Each structure stands twice: as structure tokens, then as C-alpha cells.
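Using only what follows, build the 3D model:
(2 chains)
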Amino acid sequence: MKKAVSVFLTVILALSQLFALTGCEKNPEEKTKFNNYYFDYFDTATTVSGYASSQEEFDAVCEDVKALLSEYHRLFDIYNRYKDVNNLAIINDLDNGKHTKVTVDKKIIDMLTFAKEMYEKTNGNVNVAMGSVLSIWHNYRNDGLDNPAEAELPPMELLKEAAKHTDINDLIIDSENNTVFLADPKMTLDVGAVAKGYAVEQVAKALEEKGVTGYLLNVGGNVKTIGLANGEKWKAGIENPDRDDKDKPFIEYVKVAGESIVTSGSYQRFYIVNGENYHHIIDPVTLMPGTKYRSVSVITNDSGMGDALSTALFLMSYEDGQKLVESTENVEAMWVMNDGEQLYSAGFEAYTFEYVPQK
Amino acid sequence: MKNNNSQKNRKIRNDIILAVAIIFIAAAGLLLFVLNREEGSMVSVKIDGKQTASYPLAENTEVPIITGENNEHINILTIKDGKASISEADCPDKICVETRPVSFVGETVVCLPHKLVIEITNENADGGLDAAV
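Below you'll find the model as predicted:
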């Protein structure tokens, strides 16, 4: 009898151990997922997700991310000036009606050089020299959002006049002396299509150099992953561009490890004039928002490239876009047409997976 | 001999009491575990990165969320029919109000001007998605 009781107790003890393991108790070797949010960079929300052994370990990485994002944000800000920072707002200076040669941080030289490469690569669809045109849209959009009843479209004559001052060759970069000069006095820079992704890529590189892995940076939908998510790939949902379809938040799911995913969509930043949606991705030819797709998502190794290419593909015909994707290494894309049809580049579906969102 | 026997019996009785007690504790633990597990998704409210409140997604409710250094801003969190949304806000862009209601683990509604994030969480799910793009 005594023996029976002790056997029984042993079984109970073993069972409770089993529960402890499958339940709340964490293996000390196991890493926990942490999230942190920032709101002060690139006019969007930033999420840092990472697997770390402790809150302290995660916080230390976040401090690095914050410091770097803050630095890039100030350097690439085209509207605001900061004390002791020669940034794009200073290069853009129109207050005196005359541009001057500005000595800048190497980070600005590198980003603008990359932006010029993207201009060539995308056949001019990504043009950081389009500030004069984009600032008109920016102002009309902000006014329209502030006062929706009186929202207006910018007059075409105004846009056409501004478009005369968008020649990328007037962006003079001297990488030996670290200076930037805008040769056209009415030209300004708008780096909205490249700077955010470029900055995210540089932050990721800095973390990788420090040996950090198991992190995901999401700066307003510009996602870059560093390594694996605790031994598995990261899972991302691609947003449904149809905002009225309330029961289907995502139209596709992708798994990545080290890659970047970026989506450009007509639903992201827009205002409404006479019931029509006018978004922020402006076609350099028509000077109006692109109308070919609802959204285009790009998977690449380089987040800066992903940012630029998603914008470019959104504006290019499907045929030209396919050619661009096929001729570029490690780039895959998904186009969402205006009727909701989803078209994929040859290698995109290798990243997709079946997923049922969990309630 | 008789005395010895009754001692033995008492010992066995004590063992049984102990066993029953352990079974009872284990059962209570199991019950707690199961109850917790069935709690389902929560709507977590984070202001400037710090969690300030959490509400069950299964219960319809409407709560004001006060933000800003001097508590000068407000967003209304509405949980209805298993979906969470910001139904009203005094932020300038109203992007949070226009964001589609969220219900799946990992989904968020963000109010950038108020540094507010509403996130669907569920400790018993496998973590959901890591990002939305």
C-alpha cells in the first residue's frame, strides 16, 4: 500500500513537472520577444522587435537604434533645421532665393549618391530632385486634411511650372570635399522615396556589425529583418489595400530572414477631393498620383533599394516593372492591380506561406 | 500487535490525506491553467511605448485614453464584436480613426501624434505576425 502511494506521488510529481515545462516556466536559455515603439522619426511610427535574454539586453540595442534613427532623421529632414546639423533643409534653403554649396556629413553624400543611382535604375521614376513638385502636393494635401470641406487639387499650371526645376543633373555632389549644391535656384530635394529605407538599412548594418541578430525594424511599414526570429523566419502580413474590406486585413503572408519588405500603396498617405482619393506617390510624367495599382510590395536584401523600387514599380507599367525586377538580383515583387488581382514576380512565391490570422 | 496495526493504519491514512491534498492542489493548478488559456486575446494600450492598460477583446466597451504631457489629448478606444478601433480622437490627422478595426494577434492601430499604439495580444497564441507592411 505504502509503495502504491509513493508510486502515485511520483507520477503526480512528474506530471506537475511536465506542466511546469509546457506552461509558463521559461527555459533560461530561451530568448523572449520584446517590442519598443518610437514616434519621432521620419513622420511615422517605428517598431523595434527583438529576441533577447533580458529587458536590459533589448534596451541596449534599442538605444543604439534610437540614436542612429535620430541622427538620420535630422540629416535627411527637408523641412526643419537643427542646431549644428547641416542637413537637407539647409541644402534646400530657398529663404535667400539662392542655393549655396553646403558641406555635409558623409551620410548625406552617400544617401544622395544612392538616390542618383536609383534615378538611373528606375528610369527617372524615383527622382529626389522633384522637391518643387512634391512640396506643392504636400501643401495641398495638408491643407485638405486640415480642412476636408475645402480640399483642392493643385492647379496643373503650378505643377508644370515647378516641374521645370527637377533635373537630377542639377544636384551636384562632390564626394571628395563632402559638399552638395543645387545648381538650379528653384530646385529642391525631396527624399521621401529613398531616405527612410536607406536609413533603416544603415541602422541594420550598424547593428549587424555589432553582432546583433534576431531583430526586426519596422519604420512605417518599411521592414528590415536582421537574422532569424528565435530560430525561425519572421512572419509579415501584406496589408489589404482595399480599406473597405474590413474582414480581410491581409492579402498575402511572407516569411523572411535578413531581407527587407516594403509596400507602396495608394491607401497609405492620401487626401480626398470631391470623393476621390489622391495619394502621395506622384508620377514624374503626369505630375499626378500614380493610378496603375493599388499597391506594390518588394522583397529585397537592401531596404533602401526596396523603398526606391516599390515607389518606382508603383509608377511603372507592369511589363517595364517585371523587366526591372528580373534584371535586378535578389529583388521580388507583388503587384496588386486595381481590380484586386495579385501578380507575382517569378521568385516571390518562394517567400509566401499559408497563414490563418489568430483571434 | 493490535497497537502496531492501528499505527500502520494511521500512517496509511496520513499518506492518503497527503495524496488527496496533492491531487487537489494539482487539479486546482490545472483548472487555473485552463481558465487562463481560454481567456483569449487582449487589447493592449501602449502610450509612448509603455503599456498603460489592457482590455479583453471579447467584451464590448468604450474607454477614453488620455495622452499628452498635460493630459490634454484624448482617443476613444472602442471594442465591439471582437474588434478594436479608435472611434474618436482629437489628433490632427485622424489616421487612427480611419484605420480598419483590428482583431488578429499582432495587429495594431497607431496614433502617431499622441504616441499611442493599440495592439492585439494573446499570450497563448504563437505570437502572430511580426509585422504588417
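
So which residue is dead centre in the chain?
I went with chain A, as the question did not name one. Centroid-nearest residue in chain A: A:Asn222, 2.2 Å away (criterion: Cα atoms, centre = their mean).

oops, chain B please
B:Met42 (4.3 Å).

now for the lowest-mean-pLDDT helix or strand in chain B, which elements pack on it?
Least confident helix or strand of chain B, by mean pLDDT, DSSP states H and E, is helix B:2-37 with a mean of 79. Here helix B:2-37 touches helix A:2-22, going by 3 or more Cβ pairs under 8 Å, 6 or more residues apart in numbering or on different chains; DSSP states H and E. To be clear about C-beta, it is placed using only N, CA and C from the backbone, and glycine gets the same treatment.

wait, does the next helix or strand along the chain from the helix it packs on contact chain B?
As assigned by DSSP states H and E, the chain's next helix or strand after helix A:2-22 is strand A:32-41. Yes. Using Cβ under 8 Å from any Cβ of the partner chain, strand A:32-41 reaches chain B at A:Lys33, A:Asn36, A:Tyr37, A:Tyr38, A:Phe39.

wait, what's in contact with the residue of chain A found nearest chain B?
Nearest to chain B, among the residues of chain A, is A:Pro357, at 3.6 Å (Cβ to the nearest Cβ). When contacts are counted by Cβ atoms under 8 Å, 6 or more residues apart in numbering or on different chains, A:Pro357 touches A:Gly237, A:Pro249, A:Phe250, B:Phe104, B:Val105, B:Glu107, B:Gly128, B:Leu129.

show me where the chain has helices.
All of this refers to chain A. Under the criterion DSSP state H, chain A carries helices at the ranges A:2-22, A:55-75, A:88-91, A:106-121, A:131-146, A:156-163, A:195-209, A:303-315, A:318-326.

you looked at the wrong chain, it should be chain B
Ranges of helices in chain B, per DSSP H, are B:2-37, B:95-98.

A:Thr311 reaches A:Ala193, doesn't it?
Yes. With contact defined as Cβ atoms under 8 Å, A:Thr311 counts as touching A:Ala193 (4.2 Å).

So for these two, which residue has more residues nearby?
Between A:Thr311 and A:Ala193, counted using other Cβ atoms under 10 Å in any protein chain shown, the more crowded position is A:Ala193 (29 against 26).

Name all residues that make contact with that one.
For A:Ala193, counting by Cβ under 8 Å, 6+ apart, the contacting residues are A:Met118, A:Val126, A:Val128, A:Ile281, A:Asp307, A:Ala308, A:Thr311, A:Ala312.

about what we covered before: right, and the residue nearest to the centre of chain B touches B:Asn124 too?
No. The criterion here is Cβ under 8 Å, and B:Met42 misses it with B:Asn124 at 10.6 Å.

Point me to the residue of chain B nearest chain A.
Counting by Cβ to the nearest Cβ, chain B gets nearest chain A through B:Phe104, at 3.6 Å.

ok, that residue - contacts?
A:Pro249, A:Pro357, A:Gln358, A:Lys359, B:Ile120, B:Gly128, B:Leu129.

Redo these as TSV? Include distance to B:Ile86 and pLDDT.
Listed next are the contacts of B:Phe104 as TSV, based on distance: Cβ to Cβ, whole Å; pLDDT from 0 to 100:
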residue	distance to B:Ile86	pLDDT
A:Pro249	16	88
A:Pro357	20	81
A:Gln358	22	77
A:Lys359	20	74
B:Ile120	13	91
B:Gly128	20	82
B:Leu129	20	89
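
who wins for neighbours among the residues you listed?
Going by other Cβ under 10 Å, B:Ile120 tops these with 24 neighbours.

Show me the beta-bridge partners of that one.
Using DSSP bridges, the bridge partners assigned to B:Ile120 are B:Val43.

quick revisit: show me which of the contacts of B:Phe104 is closest to A:Thr328.
B:Leu129 (27.0 Å; Cβ to Cβ).

Kindly state the domain boundaries assigned to chain B.
For chain B, the structural domains run B:1-38, B:42-121, going by automatic domain parsing.

Please tabulate those domains in JSON lines, including the columns distance to A:Met316.
Shown next, in JSON lines, are the domains of chain B (distance: least, Cβ to Cβ, whole Å):
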{"stretch": "domain B:1-38", "distance to A:Met316": "50"}
{"stretch": "domain B:42-121", "distance to A:Met316": "28"}
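
just so I know, which of those domains lies nearest A:Lys83?
Of all the domains of chain B, domain B:42-121 comes closest under Cβ to Cβ, at 22.3 Å.

Now do that closest one: distance from first to last residue.
5 Å (Cα to Cα, to the nearest Å).

Stretch A:243-261 too?
Using Cα to Cα, the two ends of stretch A:243-261 sit 20 Å apart.

List the buried residues of stretch A:312-329.
Going by neighbour count (16 or more other Cβ atoms under 10 Å in any protein chain shown), the buried part of stretch A:312-329 is A:Ala312, A:Leu313, A:Phe314, A:Leu315, A:Met316, A:Gly321, A:Gln322, A:Leu324, A:Val325.
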